[in-house]
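Q: Quick one: sequence and predicted model below, then my questions.
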Amino acid sequence: MAKKLTRSPTNRFLGGVCGGIAEYTGAPAWLIRVIAVVLLFLPPLPFILVFLIYIVLWALIPLGTPKKQLDPNTIDAEFEVKE
């Protein structure tokens, strides 16, 4: 199955864009977020341009489906009876 770029439903701070890119590339999410913040304040790129790119990615990249999360009060186990 091919990987698909989606916004992260669980690893999100604002819109899940950086979390989704991190999951897609296999990089840590904190690193992608640091790169995004550094890009915001680099002199060659205007702040508003990087911010608009983030907003466009937020609108274009679909939200991923959350992985199955269990209720912490529920026991999910398979028991085998050995005779």
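A: Thanks, I have it.
Q: Can you list the low-confidence ranges for this protein?
A: Across the chain, the ranges flagged by pLDDT under 70 are 1, 68-80, 82-83.
Q: Helices of this structure, start to end?
A: 17-25, 29-41, 47-60 (DSSP state H).
Q: And for the last one, what's in contact with it?
A: Counting by Cβ atoms under 8 Å, 6 or more residues apart in numbering, the neighbours of helix 47-60 from elsewhere in the structure are 7, 14-15, 17, 36, 39-41. Bear in mind the C-beta positions are built from the backbone N, C-alpha and C, glycine included.
Q: got a winner among those residues for most neighbours?
A: Using other Cβ atoms under 10 Å as the neighbour criterion, Val17 leads these with 25 neighbours.
Q: Check the gap between the nearest residue to that one once chain neighbours are set aside and Gly16 for me.
A: Residue nearest to Val17 in three dimensions, not counting chain neighbours: Leu57, with 5.0 Å by Cβ to Cβ, 6 or more residues apart in numbering. According to Cβ to Cβ, to the nearest Å, Leu57 and Gly16 sit 10 Å apart.
Q: do Val37 as well
A: From Val37 to Gly16 the distance is 16 Å (Cβ to Cβ).
Q: Could you tell me how many residues sit around Ile55?
A: Applying other Cβ under 10 Å, I find that Ile55 has 13 neighbouring residues.
Q: hmm, I was thinking of Ile48
A: Residues lying near Ile48 (other Cβ under 10 Å) number 9.
Q: and the gap between it and Trp58?
A: With distances taken as Cβ to Cβ, Ile48 is found 15 Å from Trp58.
Q: for the most centrally placed residue in the chain, what are its contacts?
A: Against the mean C-alpha coordinate of the chain, by Cα atoms, centre = their mean, the closest residue is Gly19 at 2.2 Å. By Cβ under 8 Å, 6+ apart, the residues touching Gly19 are 7-8, 10-13, 29, 32.
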